[in-house]
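>>> my questions concern the predicted model and sequence given below.
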Amino acid sequence: MDSTVSTATSRKTKTLVIHALFITLTLVATMFINIRLPIMGNGGLIHLGNVPLLIAAFVYGKKAGAIAGAFGMAFFDIISGWAAWAPFTFIIVGAMGYLAGLIAEKIPGKRVLVYALAVAVALIIKVVGYYFTEVILYSNWILPFGSIPGNVMQVLIAGIIVIPIAGRLKDIIGRI
Amino acid sequence: MRAFFVYGTLSEGITLRDEERGKFMKEPIISIRHVYFRYPEQQSDALHDISLDVAQGEWLAIVGHNGSGKSTLAKMLNGLHYPREGEVMISGFPLKEEYVWEIRRRLGMVFQNPDNQFVGTTVQDDVAFGLENNGVPHDIMVRRVEESLQRVGMLDFLNQEPHHLSGGQKQRVAIAGVIALQPDIILLDEATSMLDPLGREEVLSTVRELKEEQKLTVISITHDLEEAARADRIIVLNQGSVYHEGTPDDIFQMNKELIQLGLDVPFPIKLGEALRRQGFDIQGGHLTEEELVRELWTSNFKK
Amino acid sequence: MMEKMIFGRYLPLESPIHQLDPRAKLLFTFGFVVVVFLANNVVTYATLAAFTLMLVYLSKINLRFLLSGLKPVIWLIAFTFLLHIFLTREGDVLVKVGFLEIYEGGLRQGFFISLRFLLLILVTSLLTLTTSPISITDGLETLLQPFKKLKLPVHELALMMSISLRFIPTLMDETDKIIKAQAARGADFSSGPIKERVKAVVPLLIPLFVSAFKRAEELAIAMEARGYRGGEGRTKYRLLHWRWKDTVAVCLLLLLAVVLWRLRS
Amino acid sequence: MDIQLQEVEYRYAAGTPFERLALKDVSFTIPEGRFVAIIGHTGSGKSTIIQHLNALLRPTKGKVVIGGRVVSADKKEKNLKEIRKKVGIVFQFPEHQLFEETVEKDIMYGPMNFGVSEEEARDRARGLIEKVGLPDSVLEKSPFDLSGGQMRRVAIAGVLAMEPDVLVLDEPTAGLDPRGRKEIMDMFYALHKEKGLSTVLVTHSMEDAAFYADDMVVMHKGSVCMQGTPRELFSRPEELASYGLSVPEVIRFQQKFEELSGMKLARPCLTIEELAEELSRLRDWGGGS
Ligand SMILES: Nc1ncnc2c1ncn2[C@@H]1O[C@H](COP(=O)(O)OP(=O)(O)OP(=O)(O)O)[C@@H](O)[C@H]1O
Ligand SMILES: Nc1ncnc2c1ncn2[C@@H]1O[C@H](COP(=O)(O)OP(=O)(O)OP(=O)(O)O)[C@@H](O)[C@H]1O
Ligand SMILES: [Mg+2]
Ligand SMILES: [Mg+2]
């Protein structure tokens, strides 16, 4: 018996806990970590909820990304008065995390470019997904266009933040 | 394989194996023989040829500088990793994968950071966590949760969430979670080091009471010399090996050597030294202030 | 500073709705979301609204408090209303101001859809206001049990949710502490051009994630030391009790569905 | 530079249902060049106070005067950076704030935020790494490759690099082994002496307060309940005990001795050496007869 440290169960437990903490991080970042943009009057508050989900996807892979996004953001919706959005969020943001993770895992090449691609895909899912969600919720085809700029900014800024630090974080956890 | 079901659905903790074990009670409850351990991809051993015994009902303190291997040893005793070489017996079970769940039920750990071991959303959920893991039936579970919270004086906090508790209170809940499983041994890995003095005292006196009441064996890893001085026996670790072992009296006679090991010397010994330098007539080292006061008075003033 | 606010959505009152089994409330809410779409005329919408108001009344939650919690979506509802008024061209013209024409159909449509939206949000809010997050997790776990057969790790998901709930205040505190520690080192999170603001969050995020990794490590060790080895063979401390009241609640929803079905045009 | 707190009140989450009064009517002064210890049991408001010392928190009533600048509830102060540059805070577990790729960059982060040039910041980092007792070679390492105690030292260097006039320490030695504790405290004390740095120490260790501080402030339930020199305060053990605090070992020993012998030493002793001297004086002068 040479590999004396981590047994199969302990890896499973740790994965479970990591997923749980990333759900929390997504929620906390959505609620409390904001960047106020000098543009766009009152709508200039950009939350950073997409940051933990992208980091989960890049550092721990598609499953972590999907779980952090789906549970974390849907949970945010539920507790902050957007409960009707929650089921849609669960699917849309879950898919964002999953695909971002999948791309990061599967596509070879320069990390920065791969991550950028993953962010772009996540961006498309978010914009399209919420457009149709709101079409259903508002029973209207025009109103939902209003939320596109905000959604774009959110994912874009998250991408700008995450792409340079994802690699570093991956490196750091390798050591601790 | 699901051994825990056979002994796990304990009728009040007395299990077949417990009785069987009774025959060998004279033996130490923990015995470690020539144990080596190295973390993966490390150059040197974190534990190097460690041998020691722990007697049942004993309070053993383990001290040593940061990085001396205390936590590594603690985690090994709980089967969180296994020795590369050497033998370990805990509470009658050899430290092997197949017995690890038995061992974990009998050796409960309390860790340093009160926040990172609180699993439940409320106090009662947290205490129940270990019981749930061991498949304890619901009615027994409810009773055990209540009893153990009562013992640590936290019964009034049943539905509190952890962020409303102080560090000391969280640690007492952690202890409740451990004793709910009715273990033989409780292992504190710097369990009081993040607490304020009052919280520290609360936690330690809780453990002390429990030890008397339930004949627990206590192993406490600590940097706090006052705490170590109250143990029955102290083991000093240095760079992964047992450097010295003895009663608090023995250990604290080492004096300067302790400082070299990154430790400190207890106050009465330091004061004794200083007094001797001032020409007082003080015999060997005293471990308690009371002893020192008395000697200081009787042999220097009361003539 | 923000730590106690998070569970602020849950109001621990004593009401018939609070006392319902979380499973009943979850089923009821999911059902309601579907049933809402049955309404399509004045009578059905009125029934639906009355029903919702009855729920609010039963929950003993102050209506004003409830509405104040809806602030983030109120303007959306208003906006939906206006858009429908101006964009639907059905029925008679009611008002004509310049090139803007308001049709009767538009007014009705706008009103109905906003109302539907409002009711949806009210009922889903009621769920979270009357049920603690822990109970919701418990309820979901039990409701999802059948999916275990499809290899859905229901137990793990539930434990994961409850751990994440437990860590919300802890990680919020942590965020607050790191923000302050970096502010004390001169970090500026609130001024300068966008680029600077984006860069300013890096000293917050890296320590936050690193501490989360470390926590995860320690927590997993603590869990295993306490005998956690997956869902198998585990018993449960929290038990749910389905009572006749819960059956009544679910039946009430079915009744509502039947009534609406009958009354819709 | 003096810091004065004048009738400071602080409420967390003011104006919400979760409001919590953490400080009330707190007034005291941290005179330039002094070493002030703040003690009090857990939750008494110590950490809340120190966040007022560099305007991380603004009082909800009263004011804080920091070297001539006034921070108060009604005035929204601009340019707090200036204050933060002058008052450096080492938070509890400062190693949790490290984030840069190398130790050197992390130490340089603070000064560069305050407009110090890159070369100057680098020079400071190089100078400080030795001061905190680490070898030069550490500078190029990632902070995450260090041991806990080493990380703590790097984080401390990061605050010192801002060259503050006032250094505020919130339980800076928690979790270290005894040698580590002593080394770090001695380092702060040396800085205090060398540079005349005003130092504020929040601690649970009565020994440290007795040994290092010129003045002490005792907190209880958000108010200042005792103030004075360590010698004054530690001669009132009953009062301290009523606030959940104790006295240093030396004092406790002195009390035990006085009780047993019925004699009284000239003054409360704060260090072992002092106690031994006083005892020998007592013996020579009369106790021994
Ligand atoms: N997960 C790990 N991987 C690699 N090395 C490790 C790991 N954990 C500990 N070590 C190393 O093993 C040695 C012993 O560490 P251990 O944590 O047991 O010390 P300790 O005596 O508990 O110290 P402290 O007083 O700081 O808690 C140290 O040199 C440490 O760097
Ligand atoms: N972020 C916060 N939100 C709400 N209340 C808080 C917050 N931080 C502290 N408090 C409350 O303010 C009071 C004072 O807390 P503070 O942290 O200043 O105490 P302390 O003396 O530093 O305690 P310790 O010794 O545990 O560090 C406590 O009652 C605490 O619960
Ligand atoms: Mg350790
Ligand atoms: Mg504090």
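Perfect, I can see it now. Ligands and ions are numbered 1, 2, ... in the order given.

>>> alpha carbons only for contacts and neighbour counts from here, please
Noted.

>>> shaky segments in the stretch 151-300 of chain B?
Per-residue confidence of the stretch 151-300 of chain B (counting by pLDDT under 70) places the weak regions at B:284-285.

>>> now do the contacts for the residue in it that ligand 1 sits nearest to.
Of the residues in the stretch 151-300 of chain B, the one nearest ligand 1 is B:Gly240, at a distance of 6.8 Å by C-alpha to the nearest ligand atom. Taking C-alpha atoms under 8 Å, 6 or more residues apart in numbering or on different chains as the contact definition, B:Gly240 lies against B:45-48, B:50, B:68-70.

>>> take those and keep only those in helices.
Applying DSSP state H to these, the entries found in helices are B:Lys70.

>>> identify, from the contacts of B:Gly240, the entry nearest to ligand 2.
Looking at these and their distance to ligand 2, the nearest is B:Lys70, at 26.6 Å (C-alpha to the nearest ligand atom).

>>> how about the residues of the stretch 151-300 of chain B by chain D?
Counting by C-alpha under 8 Å from any C-alpha of the partner chain, the positions of the stretch 151-300 of chain B adjacent to chain D are B:166, B:193-194, B:196-198, B:223, B:259, B:262-264, B:267, B:270-271, B:274-275, B:278-280, B:289-290, B:293-294, B:297, B:300.

>>> how about A:Asp171, secondary structure?
Classification of A:Asp171 into helix, strand or coil gives helix, according to DSSP: H, G, I helix; E, B strand; the rest coil.

>>> pLDDT wise, what is it at?
At A:Asp171, the pLDDT value in this model is 90.

>>> dump the residue contacts of the residue nearest to D:Gly45 when sequence neighbours are not counted.
The spatially closest residue to D:Gly45, leaving aside those adjacent along the chain, is D:Gly222, at 5.0 Å (C-alpha to C-alpha, 6 or more residues apart in numbering or on different chains). Neighbouring residues of D:Gly222 by C-alpha under 8 Å, 6+ apart: D:21-24, D:26, D:44-45.

>>> try it again at 6 Å.
The contact partners of D:Gly222, by C-alpha atoms under 6 Å, 6 or more residues apart in numbering or on different chains, come to D:22-24, D:44-45.

>>> before we move on, the earlier item: any idea how far B:Val265 is from the residue of the stretch 151-300 of chain B closest to ligand 1?
When C-alpha to C-alpha, to the nearest Å is applied, the distance between B:Gly240 and B:Val265 equals 21 Å.

>>> C:Thr170 now?
37 Å.

>>> which residues does the residue nearest the centre of chain A contact?
Compute the mean C-alpha point of chain A, and by C-alpha atoms, centre = their mean the closest residue is A:Leu53, 2.8 Å away. The neighbourhood of A:Leu53, defined by C-alpha under 6 Å, 6+ apart, consists of A:65, A:68-69.

>>> okay, buried residues for whatever helix or strand it lives in please.
Using DSSP states H and E, the element containing A:Leu53 is helix A:50-55. Along helix A:50-55, the positions that meet the burial threshold by neighbour count (16 or more other C-alpha atoms under 10 Å in any protein chain shown) are A:50-55.

>>> avg pLDDT for that helix?
96.

>>> residue 117: how many residues sit nearby?
Defaulting to chain A. By other C-alpha atoms under 10 Å in any protein chain shown, 17 other residues sit near A:Leu117.

>>> oops, wrong one, chain D.
For D:Ser117, the tally of surrounding residues (other C-alpha under 10 Å) stands at 13.

>>> for the stretch 201-303 of chain B, which segments count as helices?
Counting by DSSP state H, counting those that start in this stretch, the stretch 201-303 of chain B forms helices over residues B:225-229, B:248-253, B:256-260, B:267-277, B:289-296, given from the N-terminal end onward.

>>> the third one: which residues count as buried?
By 16+ other C-alpha under 10 Å, the buried positions in helix B:256-260 come out as B:Leu258.

>>> helices or strands up against that helix?
For helix B:256-260, the packing partners by 3 or more C-alpha pairs under 6 Å, 6 or more residues apart in numbering or on different chains; DSSP states H and E come out as none at all, with no helix or strand in contact.

>>> then the second one?
Under the contact criterion of 3+ C-alpha pairs under 6 Å, 6+ apart, the helices and strands touching helix B:248-253 comprise an empty set.

>>> centre of the chain to it, how far?
Averaged C-alpha coordinates place helix B:248-253 at 19 Å from its chain's average position (C-alpha atoms, centre = their mean, to the nearest Å).

>>> got a list of contacts for that helix?
Outside of helix B:248-253, the residues that reach it under the criterion C-alpha under 6 Å, 6+ apart are B:229, B:234.

>>> burial count for residue 102?
Because you didn't say which chain, this covers chain A. Counted by other C-alpha under 10 Å, the residues lying close to A:Leu102 total 19.

>>> try again with chain C
The number of residues packed near C:Ile102 is 22, by other C-alpha under 10 Å.

>>> now it: closest residue in space, sequence neighbours ignored.
Using C-alpha to C-alpha, 6+ apart and skipping residues adjacent in sequence, the residue nearest C:Ile102 is C:Val95, 5.2 Å away.

>>> part of a helix, is the one you found?
No. Secondary structure assignment places C:Val95 outside any helix; it is strand (three-state DSSP).

>>> D:Phe91: what's it in contact with?
D:Phe91 makes contacts with D:Asp170, as judged by C-alpha under 6 Å, 6+ apart.

>>> how does it look with 10 Å?
When contacts are counted by C-alpha atoms under 10 Å, 6 or more residues apart in numbering or on different chains, D:Phe91 is found next to C:177-178, C:180-181, C:184, D:47, D:50-51, D:97, D:155-156, D:159, D:168-172, D:202.

>>> go on, B:Val142?
Contacts here follow C-alpha under 10 Å, 6+ apart; on that basis B:Val142 touches B:124, B:127-128, B:131, B:136, C:237-238.

>>> tell me the two of those that are most distant?
Considering C-alpha to C-alpha, no two members of these lie farther apart than B:Gln124 and B:Val136, which are separated by 14.9 Å.

>>> chain center to whichever strand or helix holds C:Leu48, what's the gap?
C:Leu48 is part of helix C:42-59, with elements assigned from DSSP H and E. Helix C:42-59 has its average C-alpha position 19 Å from the chain's average C-alpha position, going by C-alpha atoms, centre = their mean.

>>> give me the neighbour count for whichever residue of the stretch 151-300 of chain B sits closest to ligand 2.
Here the stretch 151-300 of chain B gets closest to ligand 2 at one residue, B:Asp196, 6.7 Å apart by C-alpha to the nearest ligand atom. Number of residues near B:Asp196 (other C-alpha under 10 Å) recorded here: 19.

>>> that one is in contact with B:Gly168, isn't it?
Yes. With the criterion set as C-alpha atoms under 10 Å, B:Asp196 and B:Gly168 qualify as a contacting pair; they are 7.8 Å apart.

>>> center of chain D, which residue is that?
So for chain D, C-alpha atoms, centre = their mean, it's D:Leu201, sitting 1.3 Å from the centre.

>>> may I see the buried residues of helix A:50-55 organised as TSV, with distance to D:Ile3 added?
TSV is the format used below for these (distance: C-alpha to C-alpha, whole Å):
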residue	distance to D:Ile3
A:Asn50	42
A:Val51	40
A:Pro52	40
A:Leu53	44
A:Leu54	44
A:Ile55	43
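
>>> which stretches of the stretch 51-200 of chain D form strands?
Assigned by DSSP state E, counting those that start in this stretch, the stretch 51-200 of chain D shows strands spanning D:61-66, D:69-72, D:87-90, D:166-170, D:198-202.

>>> could you tell me the least trusted of those strands?
strand D:69-72 (a mean of 91).

>>> any chance you could list what contacts it?
D:3-6, D:8, D:52-55, D:57-65, D:77-78, D:80, D:82-83.

>>> list the pairing partners of that strand within its sheet, with orientation.
Within its sheet, and counting by DSSP bridges, strand D:69-72 is paired with strand D:61-66 (antiparallel).

>>> off-centre distance for the partner strand?
In terms of C-alpha atoms, centre = their mean, the centre of strand D:61-66 is set 20 Å apart from its chain centre.

>>> run through who's touching it.
D:1-11, D:23-30, D:52-55, D:58, D:70-75, D:83, D:86-87.
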